[in-house]
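In: sequence and predicted structure, then a few things I'm wondering about:
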Number of protein chains: 2
Amino acid sequence: MSEYDVLCIGNAIVDIIAQCDEAFLIENGIIKGAMNLIDTERAELLYSRMGPAIEASGGSAGNTAAGVASLGGRAAYFGKVSRDKLGEIYTHDIRAQGVAFDTSPLAGDPPTARSMIFVTPDGERSMNTYLGACVELGPEDVEPVKARGAKVTYFEGYLWDPPRAKQAIRMTADLAHAAGREVSMTLSDSFCVDRYRDEFLDLMRSGTVDIVFANSHEIKSLYRTSSFDEALAAIRKDCRIAAVTRSEKGSVIVRGDETVAIDAISIGELVDTTGAGDLYAAGFLYGYTTGRGLKECGDLGSLAAGLVIQQVGPRPRQNLRQEAQKVGLIR
Amino acid sequence: MSEYDVLCIGNAIVDIIAQCDEAFLIENGIIKGAMNLIDTERAELLYSRMGPAIEASGGSAGNTAAGVASLGGRAAYFGKVSRDKLGEIYTHDIRAQGVAFDTSPLAGDPPTARSMIFVTPDGERSMNTYLGACVELGPEDVEPVKARGAKVTYFEGYLWDPPRAKQAIRMTADLAHAAGREVSMTLSDSFCVDRYRDEFLDLMRSGTVDIVFANSHEIKSLYRTSSFDEALAAIRKDCRIAAVTRSEKGSVIVRGDETVAIDAISIGELVDTTGAGDLYAAGFLYGYTTGRGLKECGDLGSLAAGLVIQQVGPRPRQNLRQEAQKVGLIR
């Protein structure tokens, strides 16, 4: 018996989200569409230049855990916050969504991580992340019962940025595989892939990771190619399943010789792409851990991603299970 | 010369906003559509039962100040936060919107005020406000230069809840009137009207307040009548101008014998009514302080209110000036 469908591990981050124009990104040296890592001073500088914002719990894998739970799946989460106001907000939000979250918070500094997310009129988000307490996540935070008890463990490539999180990942993956479970990751960001290309390829080729989530930029970065088809052919050989999102073109899932193309859902207004990939993974993994075929997994991913990009913030305000029932993806 | 178009005074509150169903309100004894005052213990209890939330700066008059600034008006604000994380967020957001905000924050307890806002599927918001640092706002927080320098001073009826804010209001109104300015208030909430009916009527009849904003429930509560027409006839005599909002029926503005009916704008999806009245006042006061007629003032109010109810949170993410330009209300 599994205790959880999906265990997610990631940087526990509160998002601070504001609108800006294209010029703002250029003037402030923010790489558009990317996750830019920043230190305390730059965080203060950017906040002083940022427009009125809203705050929402985020963090890539945290969003995925919330999405799995919103679909009715049993989700757990490992991530490090501090014992401060943002940490309290983070803990509230993920638990209120029904996710099991018990990582012990830091008693003092550094404070809970935050990412200043600038959303341009085209809906694209550019993130500026101060890692804060996330740098303290380590193997001591692995809860073996959850690592062994989840059908799939899912983690962020972003976890290669803090110093010791990768040790927690390797330990969790070992526990999971020893219990006959599967391990999954997202490549997170094309610049992140560029920082850790060899390590990510090794995770896949060594079988530490079974299922890979990525977007088209990330797989092209992984294989240093400008050809999507070439990158897709390569990733097909390097992991058991790869699910690759392509924005409005939908997604493509490959497993051995099998290829499944998934349409994006049609949307009204594209408001904010924050959380799109995270919610795609949530839909897919909910489908996968409930025994659905790849097509249904992808359709659930498309639905969850399509809903989150029509609103500000990284986690859909709707109950995803009800939304999936409306379109017949869950009975 | 005026230094500001509108000076707003209110409870400085960070909103914590979540969706809930109708049953949740009943089970938790929350009066639907109202501002429910709560203490520390009830705040903790409700937060423990609240779903995943987002945080956004709010406070009725703070939202109005932000709206005036977003329309291109010169706005100032008096309100009390504490020197904590929510106070920092509040201060950032209102200043980032271009509002002059210099009220000195409290050094310690109580913490910055927060309101847990539950939004039901019909878009109605039910607020649960812990006043925190707001109880410390007093006459020592009145900045005479701003009180004398703003064309209109606008304050919340809600300020009768904390103990000494009303002293600040009376002092500001005296300074404003002595400088030849006008003073305006919102009746805030029908239960608030019920708590302070005689004082509010006295503010109007004594000429302390020139312009009154209210919704139909509030004026009916003020005059203890179930007849909207009767209440409107009464308020017409008690203040120089009254602007009364009627949800999807638009609003009606009365000045002496004059009556101006304003349509609501047509909207797509009603998401969250939080901020509707505040933004109506923002549009109206921007128009009024830039010398527009009552019809244009009301249309600007309808536009700003119509935009904010199509999104989660109390302040529109759009630049209101640009939105008003799109429909020809600002050139």
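Out: That came in fine, so what should we check first? Numbers count the residues shown, from 1 in each chain, chains lettered A, B, ... in the order given.
In: count the residues that sit near residue A:25.
Out: As a burial measure, residue A:25 scores 18 neighbours (other CB atoms under 10 Å in any protein chain shown). The C-beta positions use only the backbone N, C-alpha and C, and glycine is treated the same way.
In: for the spatially closest residue to it that is not a sequence neighbour, give me the backbone phi and psi.
Out: The spatial neighbour of residue A:25 that comes closest, neighbours along the chain excluded (CB to CB, 6 or more residues apart in numbering or on different chains), is residue A:32 at 5.3 Å. Backbone torsions for residue A:32, taken as degrees, to the nearest 10, come to phi -70, psi 140.
In: would you agree residue A:32 is in contact with residue A:122?
Out: No. At 9.5 Å, residue A:32 does not count as touching residue A:122 under the criterion of CB atoms under 8 Å.
In: residue A:126 versus the residue nearest to residue A:25, what's the distance?
Out: Distance check for residue A:32 against residue A:126: by CB to CB, to the nearest Å, it reads 5 Å.
In: between the two, which one's more packed in?
Out: Set residue A:32 next to residue A:126 and count neighbours by other CB under 10 Å: residue A:126 wins out with 21 against 14.
In: pretty sure that one is in a strand, no?
Out: Yes. Under DSSP: H, G, I helix; E, B strand; the rest coil, residue A:126 falls within a strand.
In: and it, what is it in contact with?
Out: Residues near residue A:126 by CB atoms under 8 Å, 6 or more residues apart in numbering or on different chains: A:25, A:30, A:31, A:32, A:33, A:34, A:36, A:117, A:118, A:120.
In: switch the cut-off to 7 Å
Out: Counting by CB atoms under 7 Å, 6 or more residues apart in numbering or on different chains, residue A:126 makes contact with A:25, A:30, A:31, A:32, A:33, A:34, A:118.
In: thought residue A:155 was touching residue A:6?
Out: No. The criterion here is CB atoms under 7 Å, and residue A:155 misses it with residue A:6 at 10.9 Å.
In: what mean pLDDT does stretch A:71-79 get?
Out: Here stretch A:71-79 scores 98 as its mean pLDDT.
In: ok, and the closest non-adjacent residue to residue A:186?
Out: Residue A:186 sits nearest to residue A:213 (CB to CB, 6+ apart), 4.2 Å away.
In: what pLDDT does the one you found get?
Out: pLDDT, residue A:213: 98.
In: near chain B, which residues of chain A?
Out: Proximity of chain A to chain B, by CB under 7 Å from any CB of the partner chain, involves residues A:19, A:47, A:50-57, A:66, A:84-86, A:89, A:92-93, A:96-97, A:312-313, A:315, A:317.
In: mark which of those are buried, thanks.
Out: Among those, the ones that count as buried by 16 or more other CB atoms under 10 Å in any protein chain shown are A:19, A:47, A:50-57, A:66, A:84-86, A:89, A:92-93, A:96-97, A:312-313, A:315, A:317.
In: where along chain A do the helices fall?
Out: Taking DSSP state H as the criterion, chain A carries its helices at A:22-27, A:40-49, A:60-70, A:85-96, A:144-149, A:165-178, A:190-205, A:216-222, A:228-238, A:276-289, A:294-308, A:320-326.
In: and among the ones you listed, the most buried is which?
Out: Each of these was scored by mean neighbour count; the highest is helix A:60-70, a mean of 32, by mean count of other CB atoms under 10 Å in any protein chain shown.
In: quick revisit: between residue A:32 and residue A:126, which contacts overlap?
Out: Contact criterion CB under 7 Å, 6+ apart; residues shared by residue A:32 and residue A:126: residue A:25.
In: so who does the spatially most central residue of chain A touch?
Out: Closest residue to the average C-alpha location of chain A: residue A:60 at 3.0 Å, with CA atoms, centre = their mean. Residue A:60 sits next to A:10, A:156, A:158, A:186, A:188, A:278 when contact means CB under 7 Å, 6+ apart.
In: residues in contact with whichever residue of the stretch 151-300 of chain A sits closest to chain B?
Out: Scanning the stretch 151-300 of chain A for the residue nearest chain B gives residue A:268, at 7.9 Å (criterion: CB to the nearest CB). For residue A:268, the contact set (CB under 7 Å, 6+ apart) comprises residue A:310.
In: and it, how far from residue B:286?
Out: 29 Å.
In: so where's the stretch 151-300 of chain A uncertain?
Out: The stretch 151-300 of chain A contains no residues with pLDDT under 70.
In: roughly how far does residue A:219 sit from residue B:73?
Out: From residue A:219 to residue B:73 the distance is 49 Å (CB to CB).
In: which outside residues touch stretch A:32-41?
Out: Outside stretch A:32-41, the residues touching it (CB under 7 Å, 6+ apart) are A:25, A:30, A:46, A:124, A:126-131, A:158, A:161, A:189, A:191-192.
In: show me which pair in those is furthest apart.
Out: A:124 and A:131 (22.3 Å; CB to CB).
In: residue A:17 and residue A:52 touch, don't they?
Out: No. Contact between residue A:17 and residue A:52 fails when scored by CB under 7 Å: they sit 10.1 Å apart.
In: before we move on, the earlier item: check what pLDDT the residue nearest to residue A:25 gets.
Out: pLDDT, residue A:32: 98.
In: same question, residue A:2
Out: For residue A:2, pLDDT reads 85.
In: for it, what are phi and psi?
Out: In terms of degrees, to the nearest 10, the main-chain angles of residue A:2 are phi -90, psi 140.
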